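Visitor: after the sequence you'll find the predicted model.
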Amino acid sequence: MAIHSRREFLAECEQMYKDEVRERYGRDYDLYKHPSGVWAIYYCESFPCFDSYDYASEDRCYRSLIFARSEEEIFAKLDLIKERNMQLTYLGAGRDYEELEPYINYNDR
């Protein structure tokens, strides 16, 4: 399966367990299932803001897509993220979480 863009991939997916996932793991997480059977965690966190100018103008985010082949595997990855308090905003900045592979990490710069 080739992924050409986050928007294209998520548009083809069905969001799963929205309320349960956000209640258990936090508001930054969404869970999706692609028609091909691939599961994905979509993580989005806003860039930090330090003053009123930042709050008024900052609209960039850190984003991650973490993939799995089954519902059990995707929930195991969510549990691992929560148990280890993994900082997903830093996946591409020196921290490599092999347990979460495959994943895509990027920001809106």
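Guide: Looks like it came in fine. Residues are numbered from 1 along each chain as shown.

Visitor: mind listing the residues bridging to the residue nearest to the spatial centre of the chain?
Guide: Residue closest to the mean C-alpha point of the chain, counted by C-alpha atoms, centre = their mean, is residue 43 at 2.2 Å. Listed beta-bridge partners, residue 43: residue 29, residue 64 (assigned using DSSP bridges).

Visitor: wait, it sits on residue 26?
Guide: No - if you go by C-beta atoms under 8 Å, residue 43 and residue 26 don't touch, sitting 9.2 Å apart. Placement of C-beta: from N, CA and C, glycine included.

Visitor: could I get the full set of strands for this protein?
Guide: Here the chain has its strands, by DSSP state E, at 14-16, 29-33, 39-46, 61-68, 103-107.

Visitor: in the last one, which residues are buried?
Guide: Put plainly, it is strand 103-107. Buried positions in strand 103-107, judged by neighbour count with 16 or more other C-beta atoms under 10 Å: 103, 105.

Visitor: also the third one?
Guide: Of the residues in strand 39-46, those scored as buried under the neighbour-count criterion (16+ other C-beta under 10 Å) are 39, 40, 41, 42, 43, 44, 45.

Visitor: for residue 48, see how far away the second one is.
Guide: I take that to be residue 40. Applying C-beta to C-beta, to the nearest Å, the value for residue 40 to residue 48 is 25 Å.

Visitor: cool, and the fourth one?
Guide: According to C-beta to C-beta, residue 42 and residue 48 sit 20 Å apart.

Visitor: may I have the phi/psi pair for the residue nearest to residue 37 when sequence neighbours are not counted?
Guide: What sits nearest to residue 37 in space, not counting adjacent residues and going by C-beta to C-beta, 6 or more residues apart in numbering, is residue 69, at 7.1 Å. Dihedral pair for residue 69: phi -90, psi -10, per degrees, to the nearest 10.

Visitor: so residue 69 touches residue 36, yeah?
Guide: No - using C-beta under 8 Å, residue 69 is not in contact with residue 36, being 10.1 Å away.

Visitor: let me know the pLDDT of the closest residue to residue 86 other than its chain neighbours.
Guide: Distances taken as C-beta to C-beta, 6+ apart put residue 97 closest to residue 86, at 6.0 Å, once the chain neighbours are dropped. According to the prediction, residue 97 has pLDDT 78.
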